[in-house]
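K.L.:
what follows is a predicted protein model with its sequence.
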Amino acid sequence: GGPRVDPGRPRAAPGRPRVDPSRPRADPGRPRADPSVNSGRPRADPGRPRADPGRPRVDPGRPRADPGVDPGSTRADPGSTRVDPGRARADSGVNPGRPRADPGRPRVDPGSTCANPRVDPGSTRVDPGRARPCKGDPVMASSGPTATERFINGIIPENPVYRQLLGMCPVLAVTNGLKPAMTMAAATGFVLISANIITSLIRNLLKPHLRILVFTLTIATFVTIADKILAAYLYEMSKALGPYIPLIIVNCLIISRCEICASKQDVKVAFFDGLGMSLGFALALASIATVRELLGSGSLFGVELLAPTTWPRWGILVLPPGAFLTLGVLLGVAEWWGQRKKAKEA
């Protein structure tokens, strides 16, 4: 809060020079330092003789180092040639260890409308079955087994129950009689064929991260239709099957066929694939239900075939443990038959 200048301090005399005139100035005869020379570096001795101008700076007899080789490097001999003339030059843009592509092979299929034109549809580096479906791509349309092969494989060679062990919930739950088993097989076949057809029709619109969701919604639509039809026309059977009809939605057999076949091949192949798998599933359910109902109740489709006096009832077979026992025995028979067939072919 006080004054910045002491008012009592005498001011400098106005006529007093700012520099003391009695102070001696620098010696005008002393040479000024060269600003381009480091001031901390000692100056050369003026009495030292300069180098002989006639002496060559480089020994002419000494071989000059290859300018392309590091003189301090011990990896290459300075006297050796830099490049072996007999060694083929590697292309700087290509990995030397990788074989060069066939120049006659087209990089892009001109007939393909795939979103990624840099991928060669004929390349074996990427599985064509797992690539993104592209409309008009001949690889996507022709890859995989034919319709006849799909149909035949689904019945026995790739049976969904005895070979792939898919859809085990209805296999164990509804095979205590042929009537519920065949009803379940018919409902599953309807949903499988319908879902395969719809998935094949929209296969070019599927997104990789949404395909499972689309499969599930498609399957759920047809399961609802099958459930309502059974409730309307076969009420007693619908009541006996209970929750197992709605559980077809999460049947891994149907989802797997949509993923493996229907999303990658045309409608005809998808239809016959669903038909073959449906027949194979029905065959498995019928075989298990026949053994359980015939040996456990002595009847088929509710018609008595074995009298109680001639055949004692195996009651355990119509109970839940009987489903596991029957399935295990039939799986063993199917495996034995397959091994025997392979041995004959070999």
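P.N.:
Here it is on my side, so go on. Numbering: from 1, shown residues only.

K.L.:
counting by contacts, list what the helix ranked longest in the chain packs against.
P.N.:
Ranked by residue count, the top helix of the chain under DSSP state H comes out as helix 267-297. For helix 267-297, the contact count by 3 or more CB pairs under 8 Å, 6 or more residues apart in numbering; DSSP states H and E identifies helix 147-155, helix 168-173, helix 178-201, helix 252-257, strand 299-300, helix 320-345 as packing neighbours. Any C-beta I mention is one placed from the backbone N, CA and C, and that applies to glycine too.

K.L.:
can you list the strands that the shortest one pairs with?
P.N.:
What that stands for is strand 299-300. strand 303-304 (antiparallel) (DSSP bridges).

K.L.:
need the residues that contact the strand it pairs with.
P.N.:
The contact list for strand 303-304 (CB atoms under 8 Å, 6 or more residues apart in numbering) reads residue 298.

K.L.:
mean confidence for that strand?
P.N.:
Here strand 303-304 scores 85 as its mean pLDDT.

K.L.:
ditto for stretch 146-155
P.N.:
Mean per-residue pLDDT for stretch 146-155: 94.

K.L.:
output it as CSV - backbone C-alpha positions only.
P.N.:
C-alpha atoms of stretch 146-155 as CSV (Å, rounded to 0.1, in the frame of the first residue of the first chain):
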residue,chain,number,x,y,z
THR,A,146,-25.5,-81.8,-54.4
ALA,A,147,-29.2,-82.2,-53.6
THR,A,148,-29.1,-86.0,-54.0
GLU,A,149,-26.0,-86.3,-51.8
ARG,A,150,-27.6,-84.1,-49.1
PHE,A,151,-30.8,-86.2,-49.2
ILE,A,152,-29.0,-89.6,-48.9
ASN,A,153,-26.5,-88.4,-46.3
GLY,A,154,-29.2,-87.2,-44.0
ILE,A,155,-31.0,-90.6,-43.7
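
K.L.:
for residue 226, grab the count of nearby residues.
P.N.:
Counted with other CB atoms under 10 Å, residues neighbouring residue 226 total 21.

K.L.:
contacts for the one helix or strand it maps to?
P.N.:
Using DSSP states H and E, residue 226 sits in helix 211-233. Helix 211-233 has contacts (CB under 8 Å, 6+ apart) with 183, 187, 190-191, 194-195, 198-199, 202, 206, 237-238, 241, 245-246, 248-249, 251, 254-255, 258-259, 263.

K.L.:
the inter-axis angle of that helix versus helix 178-201?
P.N.:
140 degrees (axes from the mean of the first three to the mean of the last three CA atoms, to 10 degrees).

K.L.:
show me which positions of helix 211-233 end up buried.
P.N.:
211, 214-216, 218-220, 222-223, 226-227, 230 (16 or more other CB atoms under 10 Å).

K.L.:
could you give the mean pLDDT of that helix?
P.N.:
96.

K.L.:
could you point out which element follows it?
P.N.:
helix 235-241.

K.L.:
which strands and helices sit next to that following helix?
P.N.:
On a contact count with 3+ CB pairs under 8 Å, 6+ apart, helix 235-241 meets helix 178-201, helix 211-233.

K.L.:
with distance to residue 320 added, can I get those helices in a markdown table?
P.N.:
A markdown table is the format used below for those (distance: least, CB to CB, whole Å):
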| stretch | distance to residue 320 |
| --- | --- |
| helix 178-201 | 14 |
| helix 211-233 | 23 |
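
K.L.:
which among these is found nearest to residue 154?
P.N.:
The minimum distance between residue 154 and these falls on helix 178-201, with 9.8 Å, by CB to CB.
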